[in-house]
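Novice: Next come a sequence and a model predicted from it.
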Amino acid sequence: QVQLVESGGGLVQPGGSLKLSCAASGFTFNYYNIKWYRQAPGKERELVAFISIDGGSTNYADSVKGRFTISRDNAENTVYLQMNSLKPEDTAVYYCNARWIWGPTRDYWGQGTQVTVTS
């Protein structure tokens, strides 16, 4: 059974940090590029970060560049999103997405984890 399970969300003050995890199971993790998305209330889902299958390539939305870091541990089938210097506008549900390197026919989503940044 394919599963992506996000964790690590929570309530944090502006300027604080959180580290999200996305644990994968049920598929060959090493063959999947991973993206983190987020969706704030009333807004469209936004791509936050991308990491390639071997971690050699990463990309970030301009809004998080320099504050967020995506990484992966293929031995543990897990992707991380380290979020520093959090701002209220980072408040959203964060989702991880796994897409097969050979195309969108295998595309999986987690259930999301809530991040709330407020004083």
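Specialist: Perfect, thanks for sending it.
Novice: looking at it, residue 107 is touching residue 98, isn't it?
Specialist: Yes - counting by C-beta atoms under 8 Å, residue 107 touches residue 98, with 7.3 Å between them. No exception for glycine: its C-beta is placed from N, CA and C like everyone else's.
Novice: Distance check, the spatially most central residue of the chain against residue 72.
Specialist: Nearest residue to the geometric centre of the chain (C-alpha atoms, centre = their mean): residue 36, 2.9 Å. Separation of residue 36 from residue 72 (C-beta to C-beta, to the nearest Å): 11 Å.
Novice: And residue 91, by the same measure?
Specialist: Distance from residue 91 to residue 72, by C-beta to C-beta: 25 Å.
Novice: okay, the two: which has more neighbours?
Specialist: residue 72 (23 against 17; other C-beta atoms under 10 Å).
Novice: tell me the contacts of that one?
Specialist: 34, 51, 55, 78-80 (C-beta atoms under 8 Å, 6 or more residues apart in numbering).
Novice: So which residues of this structure form strands?
Specialist: Taking DSSP state E as the test, the strands found in the chain are 3-7, 10-12, 18-25, 32-39, 46-51, 58-60, 68-73, 78-83, 92-100, 107-109, 113-117.
Novice: Adding mean pLDDT, write the ones you listed out as TSV.
Specialist: Listed next are the strands of the chain as TSV, based on pLDDT from 0 to 100:
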stretch	mean pLDDT
strand 3-7	97
strand 10-12	98
strand 18-25	98
strand 32-39	98
strand 46-51	98
strand 58-60	98
strand 68-73	98
strand 78-83	98
strand 92-100	97
strand 107-109	96
strand 113-117	98
